[in-house]
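**Q** Would you be able to build a 3D model of this:
(one chain, ligands or ions: 1)
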Amino acid sequence: MKKKSRMAPSDGATLHYRIEPVLPKAHLFEITLEITHPDPQGQKLALPVWIPGSYLVREFSRHIVEIGAHESARKRPIELVKLDKNTWQAPPASGTLVVVYKVYAWDLSVRAAHLDETHGFFNGTSVFLRVVGQEHLRHEVTLAPPPGKSYQGWRVATTLAELDAKRYGFGRYWAPSYDALVDHPVELGSFQLLSFKASGVPHELAITGRVPNLDVERVRRDVKAICEEQIRLFEPQTSAAPFQRYVFLLTVLGEGYGGLEHRDSTALICARDALPALNGRDPGDSYASFLGLVSHEYFHSWNVKRIKPQRFAPYDFDQENYTSLLWIFEGFTSYYDDLILVRTQLLPVERYLQTLAKTIAEVQNASGRLKQSVSESSFDAWIKYYRQDENSANAIVSYYKKGSLIALGLDLTIRAASAGKRSLDDVMRHLWRRYGQDFYPQNVRGLGEDEFVQLVLDSTGVDVTREVRQWAYGTTDVPLEALFKPFGVAMNPGAPGNGGRGATKSTRPSLGARVTSEGGLARLATVSDGGPAQVAGLSAGDVLIALDGLRVSASNLDTLLERYSAGHAIDIHAFRRDELLEVRLLLGSPPLQWQLSAAPGRRRLRQAWLGQAPAANRQPSP
Ligand code: ZN
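**A** Sure thing, here's the model as predicted:
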């Protein structure tokens, strides 16, 4: 079967790719690209420098090894000229141009490509050269199995459309354009398959990695509930999903967490311990984070894959694509990921409030939020959020975390101002109808950089000009304590983990630094601007040796500090590189912590917000 199904051009398609995991042990895919009508002036070929959803230039072309070309008629090799880091040019040609290259695939993340004897995974952005000028044409792909009998059990999981391939089989697939071709990642291997229907649409989880005793039924039931809740949120009347099929490509590892969204699928990585086992062992918070990840990436099917910033429609694969709106596309998605878990009762309200309290404290404890707005953080994601270093907490704000608090603040504002008749759900549905539902294949334009406030007004009647200006384009904190009041949620200082047992406050004083363990030593990872460590003259990278003459390590630092209070001065010995420092440090107040609690009694606004009202009472969209 190996080379039989080679590239017979068919169905009018003039672009054919064949991808074969030729050397799993060497992590090499071989790709053969046939272009029936190359540009007569000389065909340009380019590999994306980034993958949509992950805003960093990753230079995927650095993994191309061995690239060559020939004209199919004459079999004569022709020379490709490298024009820049990711672009090649073939000389003028009349016949079919054939380009053959190998891609080194040893990145076990959701963003690139990976291949070994256990499985293969790739995003099109890592392996498929773009035929410049022919992006709008139909693209065909032959997925070939690795050579050798040991791979006979391998199957294929992808949402690329089958041409002559059977579902889960090797063979030919196709996509209507280059943009579509690279938005359907592919998993190859002997994954476990778990299927269900959500709102009548087939959904699958292809699980790679060993998971003993997986509680398949629980995962199926919970993921299905999340999907149906989100479909209902966007289409309350019709419950119509935006796709005909959806696939979760899940890789399970000992440790790991992450996801990347695509139009009809997502690639996820989670830790084995996060998944429930049949013996009833409770994976606790880590399962809730896994479901939060599922919910987050699935929500992106609407918010960023179809409702898009105008700046992403279409994507420019050759360079950074700047938008100041990631606080909407990532922040709102981060708000809804957990909220959906509450509305489906997969996350108890008390636990949800603890999670919110933690996010609020995390945002407030970093001074970067006073120097950068989330719109600036969105715009500079390429050089700041995605390239964090020891100074990031002092310099940048997360458009995920603060963005999710802005979504929360806007939701509470709209609900309170409309007496519960309108909410952020109405805004999302309005964005969906206006930009999202016809995005494919019509490619309607995306959300303009300055349109959001007007859209909120149009869909809810509430003017949030001031809030958006201050919270998203300025550095003002979202005044959640006041916004929570009409919803019967109290916000008090205290540790978030002891809900219901009264506020307890951590009294351990602060060094004004985040400390990590480096071979057991206490190393300062981040030093807060203006905090005790910086004032004393300590810097990121310094290794603490002794506190008041007592040896200190990563494991006993907290215990030692607990004997002191804020305002005490202590003597610190530390190494900067190999030179000993002695400083006197005035201990600071403990970091802010919050406790959120729901007041007893029935609260109509809170119940509508957290989705506990009976389904029949939910507000239909205007
Ligand atoms: Zn996201």
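**Q** Report the contact partners of the closest residue to residue 432 other than its chain neighbours.
**A** Sequence neighbours aside, residue 234 is the residue nearest to residue 432 in space, at 5.1 Å (criterion: C-beta to C-beta, 6 or more residues apart in numbering). Glycine gets a C-beta too; all of them are placed from N, C-alpha and C. Residues near residue 234 by C-beta atoms under 8 Å, 6 or more residues apart in numbering: 242, 302, 428, 429, 432.
**Q** go with 7 Å
**A** Taking C-beta atoms under 7 Å, 6 or more residues apart in numbering as the criterion, residue 234 is in contact with 302, 428, 429, 432.
**Q** So of these, which two are at opposite extremes in space?
**A** Greatest spatial distance in these: 302 and 429, 9.6 Å, computed using C-beta to C-beta.
**Q** who's more crowded, the two?
**A** Higher neighbour count among residue 302 and residue 429: residue 302, with 26 against 22, using other C-beta atoms under 10 Å.
**Q** my read: that one touches residue 436, true?
**A** Yes. With contacts counted by C-beta atoms under 7 Å, residue 302 reaches residue 436, the gap being 5.7 Å.
**Q** Please report the distance of the residue nearest to residue 116 when sequence neighbours are not counted from residue 148.
**A** Of all residues not flanking residue 116 in the chain, residue 24 sits nearest, at 5.6 Å (C-beta to C-beta, 6+ apart). Applying C-beta to C-beta, to the nearest Å, the value for residue 24 to residue 148 is 9 Å.
**Q** So the two - more neighbours on which side?
**A** Between residue 24 and residue 148, counted using other C-beta under 10 Å, residue 24 has the larger neighbour count: 22 against 10.
**Q** which residues does that one contact?
**A** If a contact means C-beta under 7 Å, 6+ apart, then residue 24 has 115, 116, 117, 146 as its contacts.
**Q** What of residue 286?
**A** Residues near residue 286 by C-beta under 7 Å, 6+ apart: 271, 273, 274.
**Q** and with 6 Å instead?
**A** Residues in contact with residue 286 (C-beta atoms under 6 Å, 6 or more residues apart in numbering) are 273, 274.
**Q** That one and residue 352: what is the separation?
**A** Per C-beta to C-beta, residue 286 is found 16 Å from residue 352.
**Q** now the strands for the stretch 451-600 of the chain?
**A** Taking DSSP state E, counting those that start in this stretch as the test, the strands found in the stretch 451-600 of the chain are 489-493, 513-518, 521-527, 543-547, 550-551, 569-576, 579-586, 594-598.
**Q** which other residues reach the third one?
**A** Applying C-beta under 6 Å, 6+ apart, the set of residues contacting strand 521-527 from outside is 390, 393, 513-516, 533-534, 539-540, 542-544, 552-554, 557.
**Q** Let's see that with 7 Å instead.
**A** Against strand 521-527 from outside (C-beta under 7 Å, 6+ apart): 390, 393, 512-516, 533-534, 538-544, 552-554, 557.
**Q** if we can go back for a sec, can you tell me which two in the contacts of residue 24 are farthest apart?
**A** Checking the contacts of residue 24 with C-beta to C-beta, the most distant pair is 116 and 146, at 10.3 Å.
**Q** mind checking the end-to-end distance for stretch 307-323?
**A** With C-alpha to C-alpha, to the nearest Å as the measure, the first residue of stretch 307-323 is 14 Å from its last.
**Q** tell me the average confidence for it?
**A** The average pLDDT within stretch 307-323 is 97.
**Q** quick one: contacts of that stretch?
**A** With contact meaning C-beta under 7 Å, 6+ apart, stretch 307-323 is reached by 46, 48-49, 52, 57, 86, 130, 179, 325, 329, 378-379, 382, 431-432, 435-436, 439, 443, 445-449.
**Q** so of these, which ones are in strands?
**A** Counting by DSSP state E, these place 46, 130 in strands.
**Q** Just the buried ones from the contacts of stretch 307-323?
**A** Buried residues within these, counting neighbours by 16 or more other C-beta atoms under 10 Å: 46, 48-49, 52, 57, 86, 130, 179, 325, 329, 378-379, 382, 431-432, 435-436, 439, 446-447.
**Q** what's the spacing between residue 273 and residue 260?
**A** Applying C-beta to C-beta, the value for residue 273 to residue 260 is 22 Å.
**Q** hmm, back to that, can you lay out the strands of the stretch 451-600 of the chain as TSV showing distance to residue 413, mean pLDDT and mean neighbour count?
**A** Below are these laid out as TSV (distance: least, C-beta to C-beta, whole Å; pLDDT from 0 to 100; neighbours: other C-beta atoms under 10 Å):
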stretch	distance to residue 413	mean pLDDT	mean neighbour count
strand 489-493	14	95	16
strand 513-518	33	97	16
strand 521-527	33	98	21
strand 543-547	45	98	20
strand 550-551	51	98	11
strand 569-576	45	98	18
strand 579-586	40	98	13
strand 594-598	17	95	22
